[in-house]
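1. Here's my sequence, what's the structure:
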Amino acid sequence: MQTIKTNIDWFDKLIPDGLPVKSTTIITGPGGSGKPLIGEYFLSSWLKNGGSAVIISLQYPSPEFVMESVKNITGTDMSNYYDNLIFIRLNTQIQGYEQINKQLIEANLVKPDVWEQTLDFTTKQLSANNPDIMVFVSALNLLLFSPTYGELIFNKIKDTLKRNTHLTYVFSVSTSAKKDEIAQLEKMADNLMVSRSEKEPFCLYMRIERLKAGQFEHNEIQIPVSADTLNHIKEMANHSRAQVLPAILKT
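-> From the prediction side, this is the model:
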């Protein structure tokens, strides 16, 4: 693969040449503006085209929620691609990382060394069968709230972006807090996309700010998603506030 095309008309009109592979993409916007679902379009297409993926969805309590979201948004059943997937679930109660089964790792990702070790371990496992690997991370900004490790993991994430030459990274981050740090990540990314929402009625919008290569449409568009999907976004935002963030604040 040289680029990722979603094969969805409205999305491919925005980036007719596709998203460059082996690049870093940051999707930013306020909380609850649908950033992960934008990335999930790319994830779906990546899997359909034979790629493998490491998935770190910090706002989701389990891989099943990720799979449900991707199916609701794109129609893709991720269970058809299980051999090409590894999920990493945040667990702040352990020291390092633990392999739960072939498809699931638990890791204390607020620690920079664990972040690096876990990514190295999972990408090496997948690369044995497939060199085309996407690292998909949603709600990445949550890690920055760790009182002990926040600055350290931020520097490690920047290092990950700077050193990348062979993986395709798709990160979604909220601009509702840690704005200075997020602005630094935005500047470092090869590709930058911005989302926002309106509340009454609840609608999502996105625009392409920058691409490493290829043509793109500059105008903002409304993302055509169902009411069920929008409600799912709200539920996950509530889970992040109620469960994930308090756990990270204790580290």
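2. helices or strands up against the longest helix along the chain?
-> In terms of residue count, the longest helix belonging to the chain (DSSP state H) is helix 112-127. When contacts are defined as 3 or more C-beta pairs under 8 Å, 6 or more residues apart in numbering; DSSP states H and E, helix 112-127 sits against strand 52-57, strand 85-90, strand 97-101, strand 104-107, strand 133-138, helix 150-163. For every residue, glycine as well, the C-beta is placed using N, CA and C.
3. now it and strand 52-57, what's the angle there?
-> 150 degrees (axes from the mean of the first three to the mean of the last three C-alpha atoms, to 10 degrees).
4. which residues are in contact with helix 112-127?
-> 52-54, 84, 86, 88, 95-97, 105, 107-109, 133, 135, 149, 152-153, 155-157, 160, 167 (C-beta atoms under 8 Å, 6 or more residues apart in numbering).
5. Do you have the helices of the chain handy? List them.
-> Using DSSP H, helices in the chain cover 9-14, 35-48, 63-74, 112-127, 150-163, 179-188, 227-239, 245-249.
6. For the ones you listed, state which one has the densest average packing.
-> helix 35-48 (a mean of 24; mean count of other C-beta atoms under 10 Å).
7. Which neighbouring elements make contact with that one?
-> By 3+ C-beta pairs under 8 Å, 6+ apart, helix 35-48 packs against strand 3-4, strand 24-29, strand 52-57, helix 63-74, strand 133-138, strand 168-174, strand 191-199, helix 227-239.
8. How far off centre is that helix?
-> In terms of C-alpha atoms, centre = their mean, to the nearest Å, the centre of helix 35-48 is set 9 Å apart from its chain centre.
9. got it, and stretch 212-221?
-> The answer for stretch 212-221 is 20 Å, by C-alpha atoms, centre = their mean.
10. Likewise for stretch 82-101?
-> That offset, for stretch 82-101, works out to 16 Å (C-alpha atoms, centre = their mean).
11. What lies in contact with that stretch?
-> 47, 50-58, 62-63, 66, 78, 102-111, 114, 117-118, 121-122, 125-126, 129-130, 244, 247-248, 250-251.
12. weakest of the helices of the chain by average pLDDT?
-> When the helices of the chain are compared on average pLDDT, helix 227-239 comes out lowest at a mean of 66.
13. Quick check: residue 16 touching residue 10?
-> No: the criterion here is C-beta atoms under 8 Å, and residue 16 misses it with residue 10 at 11.8 Å.
14. what's the closest residue to residue 132 other than its chain neighbours in contact with, if anything?
-> Among residues not flanking residue 132 along the chain, residue 51 sits closest, at 4.3 Å (C-beta to C-beta, 6 or more residues apart in numbering). Contacts for residue 51 (C-beta under 8 Å, 6+ apart) come out as 1, 84, 130, 132-134, 168.
15. Can you tell me which of these are buried?
-> 1, 84, 132-134, 168 (16 or more other C-beta atoms under 10 Å).
16. Can I get those residues in TSV including pLDDT and distance to residue 25?
-> Output for the buried ones among the contacts of residue 51, formatted as TSV (pLDDT from 0 to 100; distance: C-beta to C-beta, whole Å):
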residue	pLDDT	distance to residue 25
1	69	14
84	94	19
132	90	15
133	95	14
134	95	10
168	95	8
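17. Now tabulate those in CSV and tack on distance to residue 216.
-> Shown next, in CSV, are those (distance: C-beta to C-beta, whole Å):
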residue, distance to residue 216
1, 18
84, 28
132, 22
133, 24
134, 19
168, 17
